[in-house]
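1. Generate a structure from the sequence data that follows.
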Amino acid sequence: MDIRALPRRWVIDGSIAAVVTGVELSAAFGSGGWHGHQHVQLGSFWYLPVLFGGLSLLARRRYPAAVLAVTLVTALWGAKLNAWGVWLALVVAFFTAVVAGRRLAAIASVVIGFLVSVWPPWLIGSTGHTSLAGALGLLVWLTVLLSAGELFRFRSQRQAEVASRRAAEARRAASEQRMAIARDLHDVVAHNISVINVQANTALHLMDRQPERAREALTAIHDVSKQALAELRSVLGILRADDGSGAPLTPPGPGLGRLDELVTGTAGIAVRVITDGESRPVPAGVDLAAYRIVQEALTNTVRHSGGRSATVRLRYDDDALTITVEDDGRGATAGSGPGNGVAGMAERARELGGTLEAGPRPGGGGFRVLAWLPAAAPADGVAVAEGAS
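-> Model prediction:
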């Protein structure tokens, strides 16, 4: 069987079990003979606890407490047979249990191991029993082992928390990117299809009576559809170019520099643009959001209001850009329905720390979209939109 076809965890656990078993066998062989100035004789079947302890590590992830109990028994058994290397399997099982959250089992193994090793504890220091120094040394060693296990568990938990937080942030960023792209697609399709629909109706009504005006309407359909296809290609191109690296999927979008083009291509209503204050570059995100808000507001006017004119007012303050789009149609119905236009505009404004209000004009007689976007002068190195109207 090809080892590469096995799950990675099985390969790791099998390798650890094999290495631990090999080291324990070598240690057991080494303990059989002269150990310092004392000759040590291996007991009968000394290899059994070595094999049982090593093989039990294969199940340490699934049954950490049970494997800890098995390795504790094999370690004490091997110690009685003078095969001292079996403690390595116990250490591995101990750390696994601590990391897996089996702290009670780990503490119990330490207490049981100490008591069995020095039993009976009231005879510590007596002739023929564990010396006081040996008992204290074992206690210190077990305390260090328990502390190291806790530190290892804490470190593992921190790493898991960091990985989980990064994964959640990546999912949230991906969701925000999908929402941004979905809004762009909605704005492009909704606006341009609305314009095409109005121009197509105009062409149908005027084809026989005023063919020249019908030709103009068809020409407008050609231009608008060409522009819509170009914007769709840019968005889809970004999606196809995603290499899975997690880099932001930010499609290039239009800005206020193309506002005149947007107004000219909005058929069925007369649109007037008014600028208050000195026009200046704004951050790229604000520039795109402002364009999309105006685009969606005009789309709602064409589709729902039944009005004949609209006014787009841009007011540049020192730290903000205020956008007002008003029409003279039926204010109560503009922007209504199951669509996502107004919600999308509000989301764009909120993402930038701004606000958006949409509803009938004060006093009646039309619909108004009022957006406030923070647009302070960008610092050096921050992308800005050039040519804002």
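
2. Can you verify residue 372 is assigned to a strand?
-> Yes - judged by DSSP: H, G, I helix; E, B strand; the rest coil, residue 372 forms part of a strand.

3. Now do it against residue 281, distance only.
-> 18 Å (Cβ to Cβ, to the nearest Å). From N, CA and C alone the C-beta is placed, and that goes for glycine too.

4. cool, and residue 360?
-> 34 Å.

5. Comparing the two, which residue is more hemmed in?
-> Set side by side, residue 360 and residue 281 show more neighbours around residue 281, with 19 against 16, by other Cβ atoms under 10 Å.

6. Show the backbone phi and psi for the residue nearest to residue 362 when sequence neighbours are not counted.
-> Among residues not flanking residue 362 along the chain, residue 368 sits closest, at 7.7 Å (Cβ to Cβ, 6 or more residues apart in numbering). Backbone dihedrals for residue 368, given as degrees, to the nearest 10, come out at phi -130, psi 140.

7. Which residues are in contact with residue 368?
-> 324-326, 331, 357-362 (Cβ atoms under 8 Å, 6 or more residues apart in numbering).

8. can you check residue 91 too?
-> Counted by Cβ under 8 Å, 6+ apart, residue 91 has contacts residue 145.

9. how about the nearest residue to residue 213, chain neighbours excluded?
-> Residue 213 sits nearest to residue 206 (Cβ to Cβ, 6+ apart), 4.7 Å away.

10. ok, that neighbour - how many residues close by?
-> By other Cβ under 10 Å, the burial measure for residue 206, its neighbour count, is 16.

11. Quick one, grab the pLDDT at residue 301.
-> On the pLDDT scale, residue 301 is placed at 82.

12. So which residues of the protein form strands?
-> Taking DSSP state E, the strands of the chain run over residues 33-35, 38-40, 270-276, 282-283, 309-316, 320-327, 355-360, 367-374, 384-385.

13. Partner strands of the fourth one, with direction?
-> According to DSSP bridges, strand 282-283 forms sheet pairs with strand 384-385 (antiparallel).

14. and if you look at the fifth one?
-> The pairing partners recorded for strand 309-316 under DSSP bridges are strand 270-276 (parallel), strand 320-327 (antiparallel).

15. most tightly surrounded among those strands?
-> strand 320-327 (a mean of 22; mean count of other Cβ atoms under 10 Å).

16. Run the angle between it and strand 355-360 for me.
-> 10 degrees (axes from the mean of the first three to the mean of the last three Cα atoms, to 10 degrees).

17. pLDDT averaged over strand 320-327 - what is it?
-> Per-residue scores along strand 320-327 average to 92.

18. Give me the residues contacting it.
-> Residues contacting strand 320-327 (Cβ under 8 Å, 6+ apart): 269, 282, 286, 290, 293-294, 297-298, 301, 305, 307, 309-315, 334, 354, 361, 366-376.

19. the helices in the stretch 201-350 of the chain, which residues?
-> 211-240, 259-264, 284-300, 341-351 (DSSP state H, counting those that start in this stretch).

20. Extract the C-alpha set from the third one and format it as CSV.
-> If I follow you right, that is helix 284-300. In CSV, the C-alpha atoms belonging to helix 284-300 read as follows (Å, rounded to 0.1, in the frame of the first residue of the first chain):
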residue,chain,number,x,y,z
ALA,A,284,-11.8,55.5,-4.0
GLY,A,285,-14.4,53.6,-1.9
VAL,A,286,-16.4,56.8,-1.4
ASP,A,287,-16.1,57.6,-5.1
LEU,A,288,-17.5,54.2,-6.2
ALA,A,289,-20.3,54.2,-3.5
ALA,A,290,-21.4,57.7,-4.6
TYR,A,291,-21.6,56.7,-8.2
ARG,A,292,-23.5,53.5,-7.4
ILE,A,293,-25.9,55.4,-5.1
VAL,A,294,-26.7,57.9,-7.8
GLN,A,295,-27.1,55.1,-10.3
GLU,A,296,-29.5,53.1,-8.2
ALA,A,297,-31.5,56.2,-7.3
LEU,A,298,-31.9,57.1,-11.0
THR,A,299,-32.8,53.5,-11.7
ASN,A,300,-35.6,53.6,-9.1
